[in-house]
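A.B. asks: fold the following for me, if possible:
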Amino acid sequence: MTSVAAPTAASQSRWSYSTTAGAIAAAVALAFALVLGRLWAAAAIYWIVGLAFGFVLQRSRFCFTAAFRDLFLLGDGRMLRGVLAGLGVATVGFAFVMYNYVPRLAPEHFPAFAGISPVGSTTLIAGLMFGFGMVIAGGCMSGNLYRIGEGYVASVVALLGMLGGLIVMMLTWNWWYEVLIVRQPMVWLPHTLGWTGAVVLTLLGLLGVYALLVWWEQRTDMLMPAFPAGPELPPTSVRDHWTGVLRRVFVTGWPAVGGGVALGVIGMVSYLYERPVGVTGELGRWSHGLFEALGGWHVELAGADLGPCMTVVAGVIATKELYMVLGLVIGSFVAALLAGEFKIRAPRQGRRYAQALGGGVLMGYGAGLGIGCTLGAFFAGIPSLSLSGWVFGLGLLGGAWAGVKAIRRIG
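C.D. replies: Here you go, the predicted structure:
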């Protein structure tokens, strides 16, 4: 039996320094929220939502890429279970929020800021491109943002690729819109099934995916075994009890299902205030600004009112959504410091940078075409009771399958 070495003085010192730095960073982030609240309350709320989202992503290692990739790479569906749990929680919560927007259903009425997009061939193509790109890059948009907070250099490269992909999408968007998107319907399930029917059908759909997931794991017989936890000694004092609680929250990794539920709740709370959590719209704004700063021209996007992920605010440096995206990175940074997991990590192989950049470009283009990424088009799309969320998710699945084939060949 392999013995577990006791912590050395050096490791305890590193833990102490990291914890102190994390506590200071958390205090600064919360103090900034208080100051920002005095100046711009909406931005402060978005900042706090971003902090919470980034913290949960880092603590649970929650990754949409792993949820789809690991099905084909390892036969492991634990992360997808977390995604399904989060979608179930968000579906119920979103329904209550959307009902306040549209209490009386009519074909021309849609809830504001919901993840509802035109559904058709472009939705599937966007999902395929995004799914392939996220596997090649090693993380989706939100995944790379929270890994930047952990110190991953490749994620910074992937972010640059995303901005590049969004620029290319911006330059070709009007063609897609005029040829295909303008002819695609907005299918919102409550219009045809009513509120109860749409929610029940969505939950049954998630349950059906879970059943298929169990079948897939049994079929592949490759489910990764859970790492056995060491025996947990009962606390001998009140202090020991609360120390254990704090370690489970800030140090020990959270289970995927717990992370998924937490993210579903955060998304619901964010939508209860105004809109679900998303990053594509803000990154799209960055790409527009970058393109113009490099000497490009201003591009008018057709159908710019299709959803929150299409929003482009010209001539404005700081938006509410900016604070959400920055909050996500800082929330992950704080969580990584508290857990002693922050470290600058740079790939040793040059091809890893090429993968991050190329995968980022595909993700940026796919997110622009799909009017959202794994957050806006999928994690908010399905709870918004939109058919587009399911079609985008199907594309993610196919793209991830192809991406796994590709990375196996790359080696």
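A.B. asks: please identify the helix or strand for the residue nearest the centre of the chain.
C.D. replies: Centroid-nearest residue in the chain: Ser142, 4.0 Å away (criterion: C-alpha atoms, centre = their mean). Using DSSP states H and E, Ser142 maps to helix 141-150.
A.B. asks: which residues touch that helix?
C.D. replies: If you take C-beta atoms under 8 Å, 6 or more residues apart in numbering as the criterion, helix 141-150 is touched by 53-54, 57-58, 63-65, 134, 137-139, 152, 155-156, 158-159, 162, 279-280, 283, 325, 328-336, 341-343, 345, 360, 363, 367, 373-375. For glycine as for every other residue, the C-beta is placed from the backbone atoms N, C-alpha and C.
A.B. asks: buried subset of those, written for ChimeraX?
C.D. replies: A single ChimeraX command selects the buried members of the contacts of helix 141-150 (16 or more other C-beta atoms under 10 Å):
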select :53,54,57,58,63,64,65,134,137,138,139,152,155,156,158,159,162,279,280,283,325,328,329,330,331,332,333,334,335,336,341,342,360,363,367,373,374,375
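A.B. asks: ok, the nearest residue to Trp401 once chain neighbours are set aside - contacts?
C.D. replies: Closest residue in space to Trp401, ignoring its immediate chain neighbours: Phe72 at 5.2 Å, by C-beta to C-beta, 6 or more residues apart in numbering. By C-beta under 8 Å, 6+ apart, the contact set of Phe72 is 400-401, 404.
A.B. asks: what's the distance between Phe72 and Ala43?
C.D. replies: Using C-beta to C-beta, to the nearest Å, one obtains 40 Å as the distance from Phe72 to Ala43.
A.B. asks: give me the angle between the helix or strand containing Gln355 and helix 141-150.
C.D. replies: Assessed by DSSP H and E, Gln355 sits inside helix 350-369. Angle of helix 350-369 versus helix 141-150, following axes from the mean of the first three to the mean of the last three C-alpha atoms, to 10 degrees, is 130 degrees.
A.B. asks: buried stuff in helix 350-369?
C.D. replies: 352-353, 355-369.
A.B. asks: what is it packed up against?
C.D. replies: helix 121-137, helix 141-150, helix 153-179, helix 280-293, helix 387-410 (3 or more C-beta pairs under 8 Å, 6 or more residues apart in numbering; DSSP states H and E).
A.B. asks: which stretches of the chain have low pLDDT?
C.D. replies: 1-16, 221-244, 246, 307-308, 310-316, 411 (pLDDT under 70).
A.B. asks: one more time with 50, if that's ok
C.D. replies: 1-14, 223, 227, 229-230 (pLDDT under 50).
A.B. asks: give me the distance between the residue nearest to the centre of the chain and Val251.
C.D. replies: From Ser142 to Val251 the distance is 23 Å (C-beta to C-beta).
A.B. asks: again, but for Pro111
C.D. replies: 39 Å.
A.B. asks: quick one, which of those two is more surrounded?
C.D. replies: Pro111 (21 against 16; other C-beta atoms under 10 Å).
A.B. asks: tell me the SS of that one?
C.D. replies: Following DSSP: H, G, I helix; E, B strand; the rest coil, the label given to Pro111 is coil.
A.B. asks: can you tell me how far it is from Gly149?
C.D. replies: Taken as C-beta to C-beta, the span from Pro111 to Gly149 is 32 Å.
A.B. asks: so what's the residue nearest to Asn174 when sequence neighbours are not counted up against?
C.D. replies: Of all residues not flanking Asn174 in the chain, Ala302 sits nearest, at 5.0 Å (C-beta to C-beta, 6+ apart). Ala302 is in contact with 173-174, 177-178, 182, counting by C-beta under 8 Å, 6+ apart.
A.B. asks: which of those residues tops the neighbour count?
C.D. replies: Highest count within the contacts of Ala302 by other C-beta under 10 Å belongs to Trp173, 22 neighbours.
A.B. asks: give me the nearest residue to that residue, chain neighbours excluded.
C.D. replies: Using C-beta to C-beta, 6+ apart, the closest residue to Trp173 is Leu301 (5.5 Å).
A.B. asks: my guess is that neighbour meets Thr172, correct?
C.D. replies: No. Judged on C-beta atoms under 8 Å, Leu301 makes no contact with Thr172 at a distance of 10.8 Å.
A.B. asks: between those two, which one's more packed in?
C.D. replies: Under the neighbour definition other C-beta under 10 Å, Leu301 and Thr172 were set side by side, and Leu301 has more, 17 against 13.
A.B. asks: can you tell me the SS state at that one?
C.D. replies: Under three-state DSSP, Leu301 falls in the coil class.
A.B. asks: go on, Gly37?
C.D. replies: Strictly by three-state DSSP, Gly37 counts as helix.
A.B. asks: so who does it touch?
C.D. replies: Contacts of Gly37 by C-beta under 8 Å, 6+ apart are Ala44.
A.B. asks: likewise for the one 10 residues further on?
C.D. replies: Neighbouring residues of Trp47 by C-beta under 8 Å, 6+ apart: 32-33, 36, 323-324, 326-327.
A.B. asks: tabulate those residues (JSON lines), appending neighbour count, secondary structure and distance to Arg409.
C.D. replies: Conversion of the contacts of Trp47 to JSON lines gives the following (neighbours: other C-beta atoms under 10 Å; DSSP: H, G, I helix; E, B strand; the rest coil; distance: C-beta to C-beta, whole Å):
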{"residue": "Phe32", "neighbour count": "17", "secondary structure": "helix", "distance to Arg409": "46"}
{"residue": "Ala33", "neighbour count": "17", "secondary structure": "helix", "distance to Arg409": "47"}
{"residue": "Leu36", "neighbour count": "18", "secondary structure": "helix", "distance to Arg409": "48"}
{"residue": "Tyr323", "neighbour count": "26", "secondary structure": "helix", "distance to Arg409": "41"}
{"residue": "Met324", "neighbour count": "26", "secondary structure": "helix", "distance to Arg409": "37"}
{"residue": "Leu326", "neighbour count": "18", "secondary structure": "helix", "distance to Arg409": "37"}
{"residue": "Gly327", "neighbour count": "25", "secondary structure": "helix", "distance to Arg409": "38"}
